[in-house]
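A.B. asks: Quick one, fold the following:
(one chain, ligands or ions: 1)
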Amino acid sequence: MLAQVKLPHWSRTIPENWVTIDGQNALLTVPFAADERILEPLKQHSELGQFKWTLKRIIAKLPNSQPELPMTFGNVIVVSSGKGGVGKSSVSVQLALALHQLGANVGILDADVYGPSLPTMLGGQEEKLEINAQQKMIPHQRHGIWVSSLGYLTDTKDAAIWRGPMASAALQQLFRDTKWPRLDYLIVDMPPGTGDIQLTFAQKLPITGAVIVTTPQTVALADAEKGITMFRKVGVPITGLIENMSYYQCSQCGHRDAIFGTEGGAKVAQREQVPLLGQWPLDARIRSGLDEGKPLVAEQPEHELSLMMKDSAAQLAAELYQQAQTKPGRTQ
Ligand SMILES: Nc1ncnc2c1ncn2[C@@H]1O[C@H](COP(=O)(O)OP(=O)(O)OP(=O)(O)O)[C@@H](O)[C@H]1O
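C.D. replies: Numbers count the residues shown, from 1 in each chain. A predicted model of the protein is given here:
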C-alpha cells in the first residue's frame, strides 16, 4: 500500500521502516526536517487515511566534503551566489528559520565578511558575542536559531576592508571557533562571488551541500553557473537552486510583474540538472521584516509567503538526504 503513496519532495517509495502502525495510530519517522504537510498524502489515502497519523523526525547526519574532520557541525549547507545583491543573505536567513520550524536544530554562520548583514536581519546588532574560557565564541540565539557573525564582533565598517587571505582566515576561524550546540543543520551565508576566498572556503570546510541563489536576470545567471562549476570542481554537491526576486508581487493588489525576466533560474537549474528549490517573489513584506530584524517566517509562520519558503526548506532537507543516499559515504 505504501508504494502507492507519493510524499512531497520525496521521489522514491516510502521505506517500510519509516512507518510504524499501532492499533489506530500510525507514525511516520523521517530522517530530515519536515512539517505536518508531509503527512497529507497518507491522510488522503483511502485505506491508510483511516489511521491517526503523527510525524517524527530523526535528522540524519550526512557525509560531507571533508570526511576526515569530526562531524560536530551537523549538516553544513553553504548558500552562495555568483553575483552580489541577489538576496543570498535574505534567503540564508529565511531558510535557516524555516528549517527550524520544520523541527530542526539550526545554526547560521554569517561568512559574508564584506558586509555581514545577519545582525540586521535577525536583530540584536548591539549585543556582542561572548568568548568563553576556551576562547570559543558563544553564538546568539535569535528567533530559535543560533547565529554567529563577524557583525557581532567588529564594527561592520572594519569588515568591509578585509581582503584575500585575511578574510579567508577570518572565515575559517569564525567557523571553527564558534561553540555551536548540537545542530542538525548549519547554514553558511557565503561572501558573494566565485573568487579565491570562496574557493578556499569551499575546499577547506566540511560541506554537505550547496544552495545557489540567483535572480532570473541574464547577468546573474552566468555568475550562478560559475558558482555551480566551482563547487562541482571541489567535490561539493549542489543541493539546489533558488530563484529569488522571480517576479515583483504588489503587496496591495497582488499584481505580478517579471521585472528581472522570466524563468532564468529555472532554465539554469534544468540545464545543470540541479533541483529548483523555489521561485521567490520580490515582495515588500519579505524586505520590511528583514530590515527590522523580524523576518516574516519567524513573525508570521502561517503567512502564504512563509509557507512557500518552508516548502523550499522542506525540499532542501529532503534533497540533501536523497543526494547523500546516492553517493558513497557514511551516514551517522
Ligand atoms: N525576495 C525579496 N523580496 C524583497 N526584498 C528582498 C528579497 N530578497 C532580498 N531582498 C532585499 O534585497 C536586499 C539585498 O538582499 P541581501 O542582502 O540578502 O542580498 P545579498 O545577495 O546577500 O547581498 P550581498 O551581495 O551584500 O551579499 C535586502 O535589502 C533584502 O531585504
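A.B. asks: What is the burial count for the residue nearest to Gly144 when sequence neighbours are not counted?
C.D. replies: Of all residues not flanking Gly144 in the chain, His100 sits nearest, at 4.9 Å (C-beta to C-beta, 6 or more residues apart in numbering). (Each C-beta comes from the backbone N, C-alpha and C, glycine too.) For His100, the count of nearby residues is 23 (other C-beta atoms under 10 Å).
A.B. asks: Distance of His100 relative to the ligand?
C.D. replies: Distance of His100 to the ligand, computed by C-beta to the nearest ligand atom, to the nearest Å: 18 Å.
A.B. asks: Now name the helix or strand holding the nearest residue to Ile197 once chain neighbours are set aside.
C.D. replies: Residue nearest to Ile197 in three dimensions, not counting chain neighbours: Ser168, with 4.9 Å by C-beta to C-beta, 6+ apart. In this structure, Ser168 sits in helix 164-176 according to DSSP states H and E.
A.B. asks: Now that helix: buried residues?
C.D. replies: Neighbour counts over helix 164-176 (16 or more other C-beta atoms under 10 Å) mark 167-168, 170-171, 174-175 as buried.
A.B. asks: what's the helix or strand just after it packed up against?
C.D. replies: Sequence-wise, the next helix or strand downstream of helix 164-176 (DSSP H and E) is strand 185-189. Identification of packing neighbours for strand 185-189 by 3 or more C-beta pairs under 8 Å, 6 or more residues apart in numbering; DSSP states H and E yields strand 75-80, helix 88-101, strand 106-110.
A.B. asks: wouldn't Ile145 be in contact with Leu109 here?
C.D. replies: No. Counting by C-beta atoms under 8 Å, Ile145 does not reach Leu109; the two are 10.9 Å apart.
A.B. asks: Comparing these two, which residue is more hemmed in?
C.D. replies: Leu109 (28 against 25).
A.B. asks: Look up the closest residue to the more buried one, ignoring the ones flanking it.
C.D. replies: Val188 (4.8 Å).
A.B. asks: three-state assignment of Arg271?
C.D. replies: Of the three states, Arg271 takes helix under DSSP: H, G, I helix; E, B strand; the rest coil.
A.B. asks: Give me the neighbour count for it.
C.D. replies: 11.
A.B. asks: okay, the angle between the helix holding Ser168 and strand 75-80?
C.D. replies: Helix 164-176 runs at 150 degrees relative to strand 75-80, counting by axes from the mean of the first three to the mean of the last three C-alpha atoms, to 10 degrees.
A.B. asks: right, is helix 164-176 up against the ligand?
C.D. replies: No. Using C-beta under 6 Å from any ligand atom, helix 164-176 never reaches the ligand; the gap is at least 13.2 Å.
A.B. asks: Not counting that helix itself, show me its contacts.
C.D. replies: Outside helix 164-176, the residues that touch it by C-beta atoms under 8 Å, 6 or more residues apart in numbering are 73, 109-111, 113-114, 137, 148-150, 162, 188, 191, 196-197, 200-201, 204-205.
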